[in-house]
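1. With the input below, show me the fold.
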Amino acid sequence: MTTLKTLWLGVSGLLLLVPAVVAKDIELADAKQAVAQLQQQKGLQLAYERLSQFGERTLLERYQADADDHGWQLLAENGQAPSEQRLREYAQMKHDEWQSGQQPDDEEQGDQQSVKLSLSDLIQPQTLAYAGEQQWQGEPVAAFSFTPQLDKFSEHNDKLQGFLYLDADNSRQIKGLTVGLKEEFSPAMSVTLERFQLTIELMPLQQGQHTYFVPRRTEEQMAGSYLYFKDFNNHTVRTYRDYSVLEKPALSN
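-> Here you go, the predicted structure:
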């Protein structure tokens, strides 16, 4: 009788475990499908406005994808219309960046040249793991951890932890993602990064029968020290609006 009872407890335990494993696999499939959708957007050409805040400074820009130039236009700086000289300086700076094909290092232009963030490259799908339901930006979400791939910290990605967030309802729409530090590290000689937090909030952009997911707001915080005794603390917030699709990529719904 004892043996039968033990066998039944074992079988019932497995029966309880199987649905949980299946549910976890379904959640993971949703996350991988969301990343695949981001991958399909790589050819998407957009126009949009971007408002950047660096402490008390603000920069309002317009971007329109242009194969022959940088595509950026300065609309306002600190709430004021830019002078002709400033417009020339800005245009030259952007043109030089476009020609070099490199991301600038200063904080004013820091996180990306255009909204074509390589979100699908940032997320390594093979590292996705279901982390349960959480609250993010005041809303219930399904969270998935992943190991991020950031170019600026390419040799230290194991020191970073990312989370992808999907709507907790049946739509499983992409809400956004975060990347933060697991531990401090030195990305360059005499530099110690003690805090890093990147938050990207996404929103749906409807174009015909297709739905794309584009940044609504990004926030990046970095703090640490350099030359062993000088501290830095950078905080950049960018908001995006007035999107339009300029070139329709070959996507399948």
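2. Secondary structure element holding the residue most central in space within the chain?
-> Closest to where the C-alpha atoms of the chain average out (CA atoms, centre = their mean) is Ile200, at 4.3 Å. Using DSSP states H and E, Ile200 sits in strand 191-207.
3. circling back to that earlier point, surely the residue nearest to the centre of the chain is in contact with Leu177?
-> Yes. Between Ile200 and Leu177 there is a contact under CB atoms under 8 Å: 5.3 Å. For the C-beta atoms, the positions are set from N, CA and C on the backbone; glycine is no exception.
4. what do these two both touch?
-> Common contact partners of Ile200 and Leu177 (CB atoms under 8 Å, 6 or more residues apart in numbering): Leu119.
5. thinking again about what came up before, what is the strand holding Ile200 packed up against?
-> strand 174-181, strand 185-188, strand 210-226, strand 230-247 (3 or more CB pairs under 8 Å, 6 or more residues apart in numbering; DSSP states H and E).
6. Can you tell me which of the ones you listed is most buried?
-> Most buried of these by mean neighbour count (mean count of other CB atoms under 10 Å) is strand 174-181; its value is a mean of 21.
7. Please report the distance of Ala81 from Met93.
-> Distance of Ala81 to Met93, given as CB to CB, to the nearest Å: 18 Å.
8. ok, Thr178 - contacts?
-> Listed by CB under 8 Å, 6+ apart, the contact set of Thr178 reads 162-163, 165, 197-200.
9. Output those in JSON lines; the columns should cover distance to Val214 and pLDDT.
-> Output for these, formatted as JSON lines (distance: CB to CB, whole Å; pLDDT from 0 to 100):
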{"residue": "Gly162", "distance to Val214": "19", "pLDDT": "94"}
{"residue": "Phe163", "distance to Val214": "19", "pLDDT": "96"}
{"residue": "Tyr165", "distance to Val214": "16", "pLDDT": "97"}
{"residue": "Gln197", "distance to Val214": "21", "pLDDT": "92"}
{"residue": "Leu198", "distance to Val214": "16", "pLDDT": "93"}
{"residue": "Thr199", "distance to Val214": "15", "pLDDT": "95"}
{"residue": "Ile200", "distance to Val214": "10", "pLDDT": "95"}
